[in-house]
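Enquirer: Model the structure of this input:
(2 chains)
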Amino acid sequence: MFRILSKEFLCPTVARFEIEAPLIARKAQPGQFVILRIDERGERIPLTLNDWSPERGTITLVALEAGATTRRLNSLKAGDHLADVVGPLGRPAEIGRYGTVACVGGGVGIACIYPEVRAFKAAGNRVISIIGARTKELLIFEEEIRRFSDELHVTTDDGSYARKGFVSDVLRELLEKGRKIDLVVAVGPVPMMKAVAEVTRPHGVKTVVSLNPIMVDGTGMCGCCRVEVGGKTRFACVDGPEFDAHQVDFDLLAARNRRYLEEERIALERLKGGR
Amino acid sequence: MAAKIVPRKYPMPEQDPKVRIRNFNEVPLGQDPETVKLEAARCLRCKPAKGKTVPPCVEGCPVGVDIPGFLALAREGRFEEAIALIKEKNALPAICGRVCPYENQCEGACTLGKKYEPVGIGRVERFLADWERARGFRVPPRPAPTGKRVAVVGSGPAGLTAAADLARRGHAVTIFEALHAPGGVLVYGIPEFRLPKEIVRAEVEYVKSLGVEVKVDVVVGKTVTLEELRREYDAVFVATGAGLPNFMRIPGENLNGIYSANEFLTRTNLMKAYLFPEYDTPTKVGRRVATIGAGNVAMDCARTALRLGAEESYIIYRRSRAEMPARREEIQRAEEEGVKFLLLTLPKRYLGDEKGWVREVECVRMQLGEPDESGRRRPVEIPGSEFRIQVDTVVVAIGQSPNPLVPATTPGLKTSRWGTILVDEEGRTSLEGVWAGGDITTGEATVILAMGAGKRAAASIHEYLSGKPWPRDWRPVNG
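Expert: Sure thing, here's the model as predicted:
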């Protein structure tokens, strides 16, 4: 059992949890994820690590309420326990000194890009962060990201805060203005990551995305999370989750992520009906 | 007075195929005590053959259970002593009594079987284990602690067996399991209708009662490294299994509705998808399910598909009936349940709809040519014989490769070109103090062979912990 030490809503649909998990905290690196299960009947879901503290023996996770499991997760409180948290899984991000790194986060992906922003800055890069959300109230981690960024751009889809538009629009402008960017790292919804890949492709800028397929075990055992990268089948849980954005088949990923929409609806309705 | 020979095994009642394909309950229903006594009495009590130390059935048992001994006790109704005798060698008898391929092992070697049906050794073992479990285990007294600590990586059949043997010798054993429940393939792979998870849970509890600690949710290679375990423990046994699913790498294999056998079975068995939405993990099969492959795992998938509601369940296999690797018993049960066998058939590609779901599998018919290196006749495509089958779900059950997590994160741990960890005849790896066994050293095999490997490694570990030096000239035997 893994105890929740603290929990707070960052916005009405996104919650942050600090969880006691000393073994994971000791090993965690940017770009890695955990798999958690709320209780005996729960499903196993992957969540990217938002933060960790080996000293406190804790990890921090951020969850967007998207289906029944995340809705239940976000209803838990400090002092509650999760049945299982396992990790850190996946290959760590390749943090190094590239020069100028653009870190792009969309929606709850901002929570995932945060440890990379921090790590790229610490590794001596000039960090340009570009974060965006659908609307003002869903924008999270702005101040934390600002602290570790040399330059921060913020967008909202509806223009309710900062610049109206998409993160990919900002990135396109920077590249078209001739800004030298050596690496782009993007985490967010599939259409956003695909848009970023298309923006950087003509400029030949190395671009890495963190994929979010459905997973079961997270250790390479089941192949549920298979994605196509450069025409080859890869398991995101052990070969990724980060891959060369210009090689990823995003349409396949989007289709595979819709496999259980009907079941997700059934589960959510059942939960709302009081399980 | 010579007893009259009973030529056939006493039958064990089974669920009717029409009924059982609507539930996940166990297919064989077990036997009553009187029938078991009669079955045990069929044993001829053979002496060891000349030059041998044990009778043929014991020689056929990978963990060396005293079979004539427990049968003699069982025929007299001395069930408690009989199960105690089995457990001296085998900590998991209720599991072995269900999933062992006896026909190739103890029963395959049974003298009676030369002319008649062999003694039903497996079903007597199964009865005894169930009989004891219903009464509650008697935990053997614990030996004095040796002060030595052993880490076991993986809680499948090899890991559990090694852990039990080492604990009984007084060593402090900790098992590290990556999943949230112990049992490895026994819980994620083998379906409930062949091996109820309650039985696995009970046998794991027995192993724990010997003093073994089980830590779940620890991925060795990620959460902790093998090197850290080596520093913290006096010996390490790696039994991580063959958990990397193979795919055919044909067009369309990543369409929605195409599962690896591991995913399909893990969702159903470990995550209990057949109880969705009461349990959160879903799975879906639609009307027509095709399972690719003809091993035991493929039979499990094809039969699971029926229980999940499929109207048609096919096995697609590129060779003929004679080459099917599954146990005869499993093939027969699948046939009784209405699984259709498309033999000498090879999938070439999958075709999907506009939403990315598999709709058809295009196959080609095969014929058998000259024998290949495995001794089986090589299947050859018949040109122009392509045809398509409509499917809603496909399960790829063509085998697994060794799990690479531990070797990939452990410098100096030598592997073969197939990714199996190299070991010598005692299960010792290229790193001092580290043993390996089960599917991670052999590739995909059986529960009982993994248990045998666990047993051999435990004996070797015990000798090492008792002062036997690590060999200077380590020579792998599975390269």
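Enquirer: Report the spatially nearest residue to B:V185, omitting neighbours in sequence.
Expert: Take B:V185 and drop its neighbours on the chain: the residue closest to it by Cβ to Cβ, 6 or more residues apart in numbering or on different chains is B:G156, 5.2 Å away. C-beta here means a position set from N, CA and C on the backbone, and glycine is covered the same way.
Enquirer: So what's the residue count around the one you found?
Expert: 29 (other Cβ atoms under 10 Å in any protein chain shown).
Enquirer: Now for it: which residues touch it?
Expert: The contact partners of B:G156, by Cβ atoms under 8 Å, 6 or more residues apart in numbering or on different chains, come to B:G183, B:G184, B:V185, B:L186, B:A239, B:G241, B:G438, B:D439, B:A450.
Enquirer: repeat for B:L346
Expert: Applying Cβ under 8 Å, 6+ apart, the residues contacting B:L346 are B:I316, B:R318, B:C363, B:V364, B:M366, B:P379, B:E381.
Enquirer: Next: B:K455.
Expert: By Cβ under 8 Å, 6+ apart, the neighbours of B:K455 are B:P62, B:V63, B:G64, B:K89, B:T161, B:A162, B:D165.
Enquirer: If we use 6 Å, what do you get?
Expert: B:V63, B:T161, B:D165 (Cβ atoms under 6 Å, 6 or more residues apart in numbering or on different chains).
Enquirer: Secondary structure class of it, three-state.
Expert: Three-state call for B:K455 (DSSP: H, G, I helix; E, B strand; the rest coil): helix.
Enquirer: Where do the helices of the stretch 151-275 of chain A begin and end?
Expert: Using DSSP state H, counting those that start in this stretch, the helices found in the stretch 151-275 of chain A span residues A:167-176, A:190-200, A:236-239, A:250-256, A:261-272.
Enquirer: And for the third one, what's in contact with it?
Expert: Spelled out, that is helix A:236-239. A:L211, A:P213, A:M215, A:G218, A:G220, A:C225, A:V227.
Enquirer: Identify each buried residue in stretch B:318-329, please.
Expert: B:R318, B:R319, B:S320, B:E323, B:M324, B:P325, B:A326, B:R327, B:E329 (16 or more other Cβ atoms under 10 Å in any protein chain shown).
Enquirer: what residues are up against the closest residue to the fifth one other than its chain neighbours?
Expert: Leaving aside its chain neighbours, B:M324 sits nearest to B:A294 (4.0 Å; criterion: Cβ to Cβ, 6+ apart). With contacts taken as Cβ under 6 Å, 6+ apart, B:A294 has the following neighbours: B:I315, B:Y317, B:M324, B:A326.
Enquirer: Show the pLDDT at B:A294.
Expert: pLDDT, B:A294: 97.
Enquirer: likewise B:E444?
Expert: 85.
Enquirer: Could you report the distance from it to B:N262?
Expert: 11 Å (Cβ to Cβ, to the nearest Å).
Enquirer: out of those two, which sits in the more crowded spot?
Expert: B:N262 (29 against 18).
Enquirer: can I assume the more buried one sits in a helix?
Expert: Yes - applying three-state DSSP, one finds B:N262 inside a helix.
Enquirer: where does the chain dip in pLDDT?
Expert: If you meant another chain, say so; for now it's chain A. Regions of chain A meeting the criterion pLDDT under 70 cover residues A:275.
Enquirer: wrong one, I was asking about chain B
Expert: Along chain B, segments meeting pLDDT under 70 span B:1-3.
Enquirer: Around chain A, pick out the residues from it.
Expert: B:178, B:180, B:217, B:219, B:222-223, B:243-245, B:254, B:256, B:260, B:262-263, B:266, B:277, B:279-282, B:356 (Cβ under 6 Å from any Cβ of the partner chain).
Enquirer: among the residues you listed, which are in strands?
Expert: B:L244, B:P245, B:S260 (DSSP state E).
Enquirer: Just the buried subset of those residues, please.
Expert: Buried, going by 16+ other Cβ under 10 Å: B:L244, B:P245, B:S260, out of those.
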